[in-house]
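Engineer: Give me a model of this one.
(2 chains)
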Amino acid sequence: MKGTYLGEFEEIVLLAVGILRDGAYGVSIRQEIEDQTTRNVNIGAVHTALHRLEDKGYLSSQFGEAEEVRGGKRKRLFTLTATGIKALRDAQAIRKQMWSQLPKILLQQG
Amino acid sequence: MAMKHTPPALAKRLLQWFCHAEFIEEIEGDLYEMFQQRMEKEGLFKARLHYYRDVLDATNLYRSQPRKKSHNKTLPLRDQLKHFFTIATRNMIRSRSSTAINLCGLAVSLASFLFIALYIVDETTYDTFHPDAANTYRISYSFKSFDGKEGKDSRAAGLWSVTLKEMMPEVRHVTRFSRFGWPGNVWTGSPDNVYVEQKFFWVDSTFTDIFSLPLASIGDASRILRNPQEVILSETTARRYFGDKDPIGQSITYARDGMSFVFTVGAVMKDFPSNAHFKPDFIANCVALNPLWKRNDEDRINSWRDSFSYSFINVEPGTDMNKVSKTLQQIFDKNLEFAKTTHPILIPLHDVHFTTGFLFELDTPGDKTHLYIFGSIGLLILVMACINYMNLATARSIRRSKEVGLRKTLGVSKAMLVTQFLGESFLMTGIAMVLAMILFAVFLSTFNMLTLKNFDLLVVGQNKTLYLLLILFVTVGILAGSYPAFYLSGFRPVEVLKGTLVTGRGPENFRKVLVILQICITLVLLTGTYVIQRQLAFIDHTRLSEHKDEVVTVRLGQFNADKMAAYKQIAKQDPHVKEISTGPHLPRRETFSNLQRSMKFDALSQTIYSWDQLDGDFDFSSLFGLELVAGRSLSADNPADSSAILLNEKAVKELGITPEKALGLEAEEVTFFEKQGGMERLVTRHKVIGVVKDFNYASVRLPIAPVAIGAKSAASEMMYVKLEGGNIPELIQHLVQSWKQVYPATPFQYWFMDEEFGRLYQTERQMGQIITYLAGVAILIACLGLFGLASFTAEQKVKEIGIRKVMGASTGQILLLLTSRYIKLAAIAFLIGIPVAFISIHLWMETFVYKAALGLGFYIVICLVIMVIVIVTVGLESFRAARANPSDSMRHE
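Structural biologist: Numbers count the residues shown, from 1 in each chain, chains lettered A, B, ... in the order given. As a prediction, the model looks like this:
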């Protein structure tokens, strides 16, 4: 399957979904990422990433209730799937493994 | 809180216009939420600006399309299938009558089609079982007789092929065989028990190089064929001679011209398949007959001009056959006296069965027209059954429209509905196929009898049959199912569920066209059947065969005048034996020798006429009841009559004189024969003493030719006995007894002349019978369809009928209402069908020279018959509806 590779932004979106648990949808995810990374994040980018991740099978989604604050539109609520969690773990493991191989001296310099 | 602000409408519209519906709700909601947040924090203007930006951001191409279905929300395949079968069977059970009609029609038509296909495949694969049949050719030739008429002989002189092989390395194998002494006398054990064998083949030892010869017993065919003392028998022949005994090692004796040859049975071969143009019962090396071939200082096998053997060559693939032809012509030029008028014709082995116009063919040539006719009828029948399916399916569409509507509302795609309906037609075809196979098994023996083939049930297991079945299954399934599938799945759910569905005139007209088509086909088939039967009946009443029941034909061995006279005397002791005469084989076929004589009438002109020769003895003309137009008939009392001749009217006409003037004319006849390698010329003179009326002595496919009748009984092959009254079996017994006294060693081989004439028209008779059956099938299917449609109409109009009856309509009026539209359709069908039938009948009748008078009345009769069938079929069902109590039909609602 093409694109099982997890990009940096995708990883952050996945993590945000995980953190937000039941309340993960477009706006809240964007907010979370902005809060955590202090980056300015575009909502369109978040949507694109979410849909792509869902296609990859890392996320699943269903519609929530319609809300007044959203102009009567429903939220699309995202949750991590088992493969999504595994993908996060793998990404972390790779980082750990590579971190452990970094020469100590390099770290001390920083 | 300030007044509620909404995002800019233009941006929103842009979003809605661009994004696919699937994304809109989510994105619009998110953007709305953010718009509200921003408005509180940054004010309306900035919020709007951001909104625009976000919208532009969201409108990428990716979102203009629906998302890929990564999660299929439909049922698993297993459940889908189960569901499909449940629905299909429920539907089939609910509409029992139309299911029965469909199954019946499809099964019958499939079975018929299967039979026809088998027949056609068998006919078109003649001789293909021989190895490398594609590169095998028969050498035949065309020649010109003395009067300049062209003729074609299927055989070749022995040296041609052998020399060809020496000259051309491309010619790999050459083999020749003949049926010398046809028919031959064969016995085993005692000479009293003689069989007359027609299929004794004398072959070169190279026979197996070209032809396949599988043995049923152990042994090596090519080794046995090299040994002139051994013979190979076919399985059937071996059983005929030796019963259950082991035939191998037994001896049989072949007798001809006072010589006898003893053979040991070396092996038993399998019977040749029905699609072989020659099917030997005996095969032996021709060397064994050398004493016969080489009599009178000639060598008939290895001759330059005695076209005596059927010669076959096998060439390298890709050989230019024109070159082979040219080489043969060179051989002719070098060695033949008549090379300028003699030209080789190479016929591929595959085509031998279908070649016509050659003398001495080994089998009755097949007729490709018949194959086309059968094939198209088979297709028509199949189409008719499919039409029934389509008609009934679309007719029932109202009933199923609710189902379609509901399914569509629940999100079933059109493709799935099409699959469902197509699947139903495939299910139907599948069941019909099984029924067809049962029909096939039941009627196989009838079919074999009709077509004189010998298929067994094992053909079903053959690859080609399986492919055929598969193709049939798919074609019929699609043909029958596609229109209903696309029509039904096209319903709009809202209309259907609201009950405002108008089926429109489209399918109605479609059904009408199909009904018209069916009636047309039925009409053409019925008229065809009638015409064929009429022509056959006409043939049965042609001149010669008027006496056919009473004339017994007996095959003579060697003609001996004294013995014949003695036989006549003994046999005529019974008063029921009216006349006995010898003569040539009648009805005349092309394959009998002494066909023509060349005549010159010096008193008139120097023209040489080549006329058919019919030599019998003095009783010939009285036996066959030939009517004299002028002069007198040949008489034994007048010694000069032995060289006199009678002419028929046609011959006199060709001379250009009146019958009276022909009397007393002297004809000079020239015959050539080969003697000691050279040609001898013999001139005889004959006086014309009488002229007889034209009579059919051959197939009515041929025009009556000029005939000269003489009294040279020495050449007679047959004895004809005319019986009048009396007990036929007893009379035959009497004839046999008398025969044994005169010819103790020759078997009494006899048949009735009508049988022989029957065989002459075997192809027509066969075709007549097959077409009759097929027409029956077609009518059955058309009736089924009409019945189904009528019952549907009656059902659909049940309320209308009820109301009409309440208002005082009579049963008769309602019957008229229901049947009149079908009568109209039938009338239109007649208008189209009659010209079609007329043209096809005309084309078929063209092949006969003498035709039955048909008139035009039978068209009317047949149309009436069809009309009656239509009215009865439709009326039966309508009558039930018309009789129904209106309160029953009106009670609901």
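Engineer: What is the least confident helix or strand in chain A?
Structural biologist: Counting by mean pLDDT, DSSP states H and E, the weakest-scoring helix or strand in chain A turns out to be helix A:104-109, with a mean of 75.
Engineer: Please disregard the earlier target; I meant chain B.
Structural biologist: Here the helix or strand of chain B ranked lowest by mean pLDDT, DSSP H and E is helix B:753-760, holding a mean of 70.
Engineer: Let me know how buried B:D127 is, in neighbour terms.
Structural biologist: By other C-beta atoms under 10 Å in any protein chain shown, the residues close to B:D127 number 22. For glycine as for every other residue, the C-beta is placed from the backbone atoms N, C-alpha and C.
Engineer: for it, what are its contacts?
Structural biologist: B:D127 makes contacts with B:133, B:275-277, B:349-350, B:352-353, as judged by C-beta atoms under 8 Å, 6 or more residues apart in numbering or on different chains.
Engineer: again with B:E316
Structural biologist: Taking C-beta under 8 Å, 6+ apart, we find B:E316 in contact with B:135, B:170, B:172.
Engineer: Ok, B:L233 next?
Structural biologist: Going by C-beta under 8 Å, 6+ apart, the list of residues near B:L233 reads B:241, B:247, B:252, B:265, B:267-269, B:281-282.
Engineer: which residues does it bridge with?
Structural biologist: Beta-bridge pairing of B:L233, defined through DSSP bridges, involves B:V268, B:F282.
Engineer: same thing with B:P348?
Structural biologist: Applying DSSP bridges to B:P348 yields these beta-bridge partners: B:Y137.
Engineer: buried ones in the least confident helix or strand of chain A?
Structural biologist: Within helix A:104-109, no residue counts as buried by 16 or more other C-beta atoms under 10 Å in any protein chain shown.
Engineer: next one: stretch B:264-273
Structural biologist: For stretch B:264-273, a neighbour-count test (16+ other C-beta under 10 Å) marks B:265-269, B:271-273 as buried.
Engineer: next one: stretch B:379-393
Structural biologist: Of all the residues in stretch B:379-393, those buried under the rule 16+ other C-beta under 10 Å are B:380-393.
Engineer: now swap in stretch A:44-63 and tell me
Structural biologist: Buried residues in stretch A:44-63, defined by neighbour count with 16+ other C-beta under 10 Å: A:44, A:46-61.
Engineer: burial count for B:R300?
Structural biologist: As a burial measure, the neighbour count of B:R300 was computed by other C-beta under 10 Å and equals 21.
Engineer: pretty sure it is touching B:L159, no?
Structural biologist: No - no contact is recorded between B:R300 and B:L159 when judged using C-beta atoms under 8 Å, the distance being 11.0 Å.
Engineer: Against which helices or strands is the lengthiest strand in chain B packed?
Structural biologist: Using DSSP state E to define each element, chain B has its longest strand at strand B:678-692. In this structure, strand B:678-692 makes packing contacts with strand B:628-631, strand B:645-648, helix B:649-655, helix B:659-662, strand B:666-675, strand B:707-710, judged by 3 or more C-beta pairs under 8 Å, 6 or more residues apart in numbering or on different chains; DSSP states H and E.
Engineer: Quickly, which of these bottoms out on average pLDDT?
Structural biologist: Per-stretch mean pLDDT for the helices and strands packed on strand B:678-692 is lowest at strand B:666-675 (a mean of 73).
Engineer: Show the average pLDDT along stretch B:719-726.
Structural biologist: If you average the pLDDT over stretch B:719-726, you get 81.
Engineer: That stretch: which residues count as buried?
Structural biologist: Neighbour counts over stretch B:719-726 (16+ other C-beta under 10 Å) mark B:719-723 as buried.
Engineer: Now intersect these with the strands, please.
Structural biologist: Among those, the members found in strands (DSSP E) are B:719-723.
Engineer: Closest one of those residues to chain A?
Structural biologist: Taking C-beta to the nearest C-beta as the measure, chain A lies nearest B:Y720 of these, at 91.6 Å.
Engineer: elements contacting the longest helix along chain A?
Structural biologist: Of all segments of type helix in chain A, defined using DSSP state H, the longest is helix A:82-101. In terms of contact count using 3+ C-beta pairs under 8 Å, 6+ apart, helix A:82-101 is assigned the packing partners helix A:8-20.
Engineer: Quick one: closest of the helices and strands packed on strand B:678-692 to chain A.
Structural biologist: Between chain A and the helices and strands packed on strand B:678-692, the tightest spacing by C-beta to the nearest C-beta is seen for strand B:666-675, at 88.7 Å.
Engineer: hmm, back to that, mind giving me a markdown table with the ones in strands among the buried residues of stretch B:719-726 and columns for distance to chain A?
Structural biologist: Listed next are those as a markdown table, based on distance: C-beta to the nearest C-beta, whole Å:
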| residue | distance to chain A |
| --- | --- |
| B:M719 | 93 |
| B:Y720 | 92 |
| B:V721 | 94 |
| B:K722 | 95 |
| B:L723 | 94 |
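Engineer: These into CSV, with extra columns for distance to B:F129?
Structural biologist: Output for these, formatted as CSV (distance: C-beta to C-beta, whole Å):
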residue, distance to B:F129
B:M719, 39
B:Y720, 40
B:V721, 42
B:K722, 45
B:L723, 44
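Engineer: quick one: which two of those residues are the most distant?
Structural biologist: Checking these against each other with C-beta to C-beta, the farthest-apart pair comes out as B:M719 and B:L723, at 12.9 Å.
Engineer: and B:V777, how far is that from chain A?
Structural biologist: Separation of B:V777 from chain A (C-beta to the nearest C-beta, to the nearest Å) stands at 57 Å.
Engineer: Which helix or strand contains that residue?
Structural biologist: According to DSSP states H and E, B:V777 maps onto helix B:762-796.
Engineer: Give the other helices and strands that that helix contacts.
Structural biologist: Taking 3+ C-beta pairs under 8 Å, 6+ apart as the contact cut, helix B:762-796 packs with helix B:96-124, helix B:368-395, helix B:414-451, helix B:505-540, helix B:811-845, helix B:857-883.
Engineer: Up against chain B, what does chain A have?
Structural biologist: Proximity of chain A to chain B, by C-beta under 8 Å from any C-beta of the partner chain, involves residues A:25-27, A:30, A:42-45, A:47-48, A:51, A:54-55, A:57, A:60, A:63, A:67, A:69-71, A:73-76.
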